[in-house]
Structures are given as C-alpha cells and as structure tokens.
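# here is my input; please provide its structure:
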Amino acid sequence: MLETIDAILDSATSFMWGYILLFCLLGTHLYLTVVLRCPQRYILKAMRMYFRGKGNGEISHFSSLMVSLAANVGTGNIIGVAVAVSTGGPGAVFWCMLTGLLGMATRYAECLLAIRYRTRDARGNTVGGPMYALERGLGCKWLAVIFALCTALAAFGIGNLTQANAVAGVLQESALQVPAWATGGVLVLLVAGVLLAGLKGISRVCSACVPTMALVYLAACIMVLASHADCVWPALCLIVKSAFTDQAATGGFIGSTLMLALRTGVQRGLFSNEAGMGSAPIVAAPVRTPNCVQQALVASTGPFWDTVVICTLTGLTLCTALVAHPEIAAHDGTVLSFHAFSTVGDLGSALLTASLAAFVISTLLGWSYFGERALEYLGGRRLITPYRVLWVVAVYVGCTIPKSTIVWNFSDLVNALMALPNLICIVALTPVLVAESRKYLWSGKLDETDPTINQ
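Here you go, the predicted structure:
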C-alpha cells in the first residue's frame, strides 16, 4: 500500500515540478529583480532596520523575521540539501544558492502585498497574506480559497511530517540511538506547550532559538571544513563546474545531468526558503511598520540567510567531506549529512543532531502559525483548536512513519500547488509593487508613514 501511494505521489510531483513550474519560479524571480530594480541591493539597509519599526501591529520586524526563518530553516537546509547533492550532484548546490539570491526579490514582493492588503479579524488582530491580497487586491476570492487550502495542506508536509520524520531518522542513526516513538513523544510535548501561547509565544521562542541554533550549526560546519581544509577549494570548484556540465560518477558522488542538477537545486532551494510560496507573508502582515516597503525589505533578507548562507554552507560542507572521504555513500540523502559530519568525530555528530532538533522544533512552530491563519481564513477561529490537535498528532506520525520518501514527495507536491496562486497574485499586482517601491524605496522615504495600512 505504501509503495503504491509513494509511486502516485512521485508521478504527480514529477509532473508538477517539470520544466513549466521551474521556469515559472525562476522567471518570476528574474522578472521581479528587473522590474523592482534589484531590491537585493538594499540588503544592508534592510539589516539595519531589524530593530526599528512603528505603527499598529502585533510583533516587531525582528520577531517576524525570526518566525519566518524558524519556519524556513529546517530539514530543508540540512537533509534537503543532502538530498539535492545525492540526487542532482554537487551542481545542485549552486542552483540552490542562486534560487535563494533571486528569490529575495520575490520575498520582497509577496510581503509588500501582504501588508498592503492586510486587515483585522473579528477579534481586532492584524491578519494578512496572499489569500487577502488575492481577495482584496486582485478580486479573486476563489483563488484565495485555493491558496489557503493548499497552505493548510502544505503546512502538514513541509512544516510537519518531513521535519519530524527527518529528525527521528537522524536521532536513530546517531550514537544516542533514540527510538522514533521517544522522539515523537518529546516533540509532541514541546510543540503543544508553545502552541498554547499563540503568535506572541511562538515569536518569543523563535527570537531566542533561531540565532542560537544558527550559531551552533555554523560551528559544526566550520569544524568539518577546517578539518578538511585542503579539500574545500576542490569541492567549491566541483560545485561550480557541475552546475553547468553533466557529471560522471566519481568517488562518493553519483552521476548527474545538467537539467537534473538545475531541477533538484531549484526544488530544494524553494523547499528551504519558500520564496514565492506565500508562507512568509502571513507572518509579515501583523508587523509594526510605518509602510509596507520597510517590512518587505526586512523580510527579503530571509532567503539570503536561509539559502545563500546556510544552504550553501551545508552544500560546501557535504561536498568537502565527500571529496575528503570518497568512501562515503552519497546515494541516500537522508543520512548523508550524518555521515559527513561524523568525519570529525562524535562532536560533529552531536552538533548536527542538536542543530537539526532545534531546526525542526522551530519549523514546527512557525508553520503551525501559517496553517492556523489559512484555516481561519477558510472557516473562522472554530477550526483552530481541532487543527492544533491534528497538528500535534501529525508530529508523532511523522516521527514514526517508516517510509520517508512519501512525506518528501507529498511536501513537494503541495508546495507546487501552493506556489501557483501566489505567483499569479504577485505578477498580476506588479503595478502596485512598482508604485509602492517608487513612493517609499526609490525615493528614500522608508520612514514615512502610510496611514492606510495602520488603521
């Protein structure tokens, strides 16, 4: 039965992630980079605004970014990159990084629209996201419903099942040999406890957890790279070369084609930073900001940290370990990271395990909020409590389900279904994006207040 489900999901995923969707995503990234005059060039200005912001709203710029990164930085940055390397070869790392760099423009655009068309719910809380932009900006209620439904489903894939499944597998492979049921039990207790506190509780946990876990993971990667310093440059050259040529199987690497490297890298890049999917705008909407452009700029740095920095560092670390130790089998991406970090001993494995566990917990929290807002849009707050119960149950199921390819294929499929309505919204509302950027960004008036978004 599981084999049949897996085969169906794999076929559907391959169809959705064919040339059309890849070109739509990269095309949108490139289109917005040009039309919006390369918003990536304002990255330093955006970073300086992390702790600024005024106006009505529920959370700060920094808290919103941390919740977004908490949802983005997860198994996609570790296991996902390893799967990309094992499937598409070293060249996939280059395309993954490029997807993150170009995706900054799309993240800027989708978050700008989320704040431009945000509103208040029945309890007076500020809410927004692509579903509201589709309904209030584009006038397409039916497309907004499709997006919200796909978001609720995607939350269980990219934000729940894959995360729990990956961390359970790594903990079983580690020296601790933690049973999957034990991992599931601990995760259930931790996630359920934080969910009771709502958005502010989630933002507090993520604001403390994300910078810490990033530093721990950075230390682990540096340890591997320093231990194999003479292999870093050859690995970097191999990544760039493999991105533009077909690669034969050598050492621990399997062979791959240029198109396979491109497809796998872009696919895993989106899985990691979610630029164009429409998830990050949901948590960008309730931010205290004087205008929609200021928060959009801050949000645009998310793909940079998530993909350009963390995913690229992961890919370089994995490739360096494989160059230094050709005996490492690269065919199984789900355990490749564990074997690569094990090349520096138990400390490397321990740091990887701790990082992955922290990444998973933060992703589970961030995506639970995305799913809640999508369901609230569809049916009101009466759906929130049943959703939270189902979310916690899914965490345990994700830890104990035996076939991980099922949840990865499911996640890739619903990611594609979620991205399409959001991309349509962004492209159709390009005049709004240009007008807002001209008024606040290009004119240098980032601190000017727009009263229409703070009512």
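
# what's downstream of the helix or strand encompassing Thr13, the next helix or strand?
Assessed by DSSP states H and E, Thr13 sits inside helix 2-16. Note on helix 2-16: by DSSP H and E, the next helix or strand toward the C-terminus is helix 19-35.

# and the angle for the helix holding Thr13 with helix 19-35?
Relative orientation of helix 2-16 versus helix 19-35 (axes from the mean of the first three to the mean of the last three C-alpha atoms, to 10 degrees): 40 degrees.

# which secondary structure elements does helix 2-16 contact?
Here helix 2-16 touches helix 404-428, going by 3 or more C-beta pairs under 8 Å, 6 or more residues apart in numbering; DSSP states H and E. In short, each C-beta sits where N, CA and C put it, glycine included.

# just give me how far the following helix or strand past the helix it packs on sits from the chain centre.
Once helix 404-428 ends, the next helix or strand along the chain (criterion: DSSP H and E) is helix 430-436. For helix 430-436, the separation from the chain centroid amounts to 25 Å (computed by C-alpha atoms, centre = their mean, to the nearest Å).

# and stretch 141-152, by the same measure?
Distance, stretch centre to chain centre, for stretch 141-152: 19 Å (C-alpha atoms, centre = their mean).

# ok, residues contacting that stretch?
Stretch 141-152 is contacted by residues 130-132, 134-135, 278-279, 282, 370-371, 374-375, 377-378, 387, 414, 417-418, 421-422, 424-425 when judged by C-beta atoms under 8 Å, 6 or more residues apart in numbering.

# do that again at 6 Å, thanks
Applying C-beta atoms under 6 Å, 6 or more residues apart in numbering, the contact partners of stretch 141-152 are 130-131, 134-135, 371, 374-375, 377-378, 417-418, 421.

# buried ones among the residues you listed?
Buried members of the contacts of stretch 141-152, counted by 16 or more other C-beta atoms under 10 Å: 130-131, 134-135, 371, 374-375, 377, 417-418, 421.

# ok, these vs Leu161, which is closest?
Within the buried ones among the contacts of stretch 141-152, the smallest distance to Leu161 is 12.3 Å, found for Gly371 (C-beta to C-beta).

# phi and psi next, for the closest residue to that closest one other than its chain neighbours.
Residue nearest to Gly371 in three dimensions, not counting chain neighbours: Ala155, with 3.3 Å by C-beta to C-beta, 6 or more residues apart in numbering. Per-residue torsions, Ala155: phi -60, psi -40 (degrees, to the nearest 10).

# residues touching Ala155, list them.
By C-beta under 6 Å, 6+ apart, the contact list for Ala155 reads 367, 370-371.

# ok, now Ile282?
If you count contacts by C-beta under 6 Å, 6+ apart, Ile282 has them with 129, 370, 373.

# does the nearest residue to Pro234 once chain neighbours are set aside belong to a helix or a strand, and which?
Excluding the flanking residues, the one nearest Pro234 by C-beta to C-beta, 6+ apart is Val323, at 5.4 Å. If you go by DSSP H and E, Val323 is part of helix 312-324.

# Leu365 now?
Here Leu365, judged by DSSP H and E, is contained in helix 346-379.

# what is the following helix or strand past that helix packed up against?
Per DSSP H and E, helix 346-379 leads on to helix 384-400 as the next helix or strand towards the C-terminus. Other helices and strands packing on helix 384-400, by 3 or more C-beta pairs under 6 Å, 6 or more residues apart in numbering; DSSP states H and E, are helix 162-173, helix 180-195, helix 346-379.

# quick check: buried residues in helix 384-400?
384, 387-388, 391-392, 394-396, 398-399.

# re earlier: quick check: angle from the helix holding Thr13 to helix 404-428?
Comparing the axes of helix 2-16 and helix 404-428 via the same axes, to 10 degrees yields an angle of 20 degrees.

# show me what counts as buried in helix 2-16.
When burial is assessed from 16+ other C-beta under 10 Å, helix 2-16 yields the following buried residues: 6, 9-10, 12-13, 16.

# check stretch 290-304 too.
Buried, per 16+ other C-beta under 10 Å, within stretch 290-304: 290-304.

# can you check stretch 12-28 too?
Neighbour-count burial for stretch 12-28 [16+ other C-beta under 10 Å]: 12-13, 16-17, 21-22, 24-26, 28.

# got phi/psi on Pro90?
The phi/psi pair for Pro90 (degrees, to the nearest 10) reads phi -60, psi -30.

# cool, Val127 as well?
Per-residue torsions, Val127: phi -130, psi 160 (degrees, to the nearest 10).
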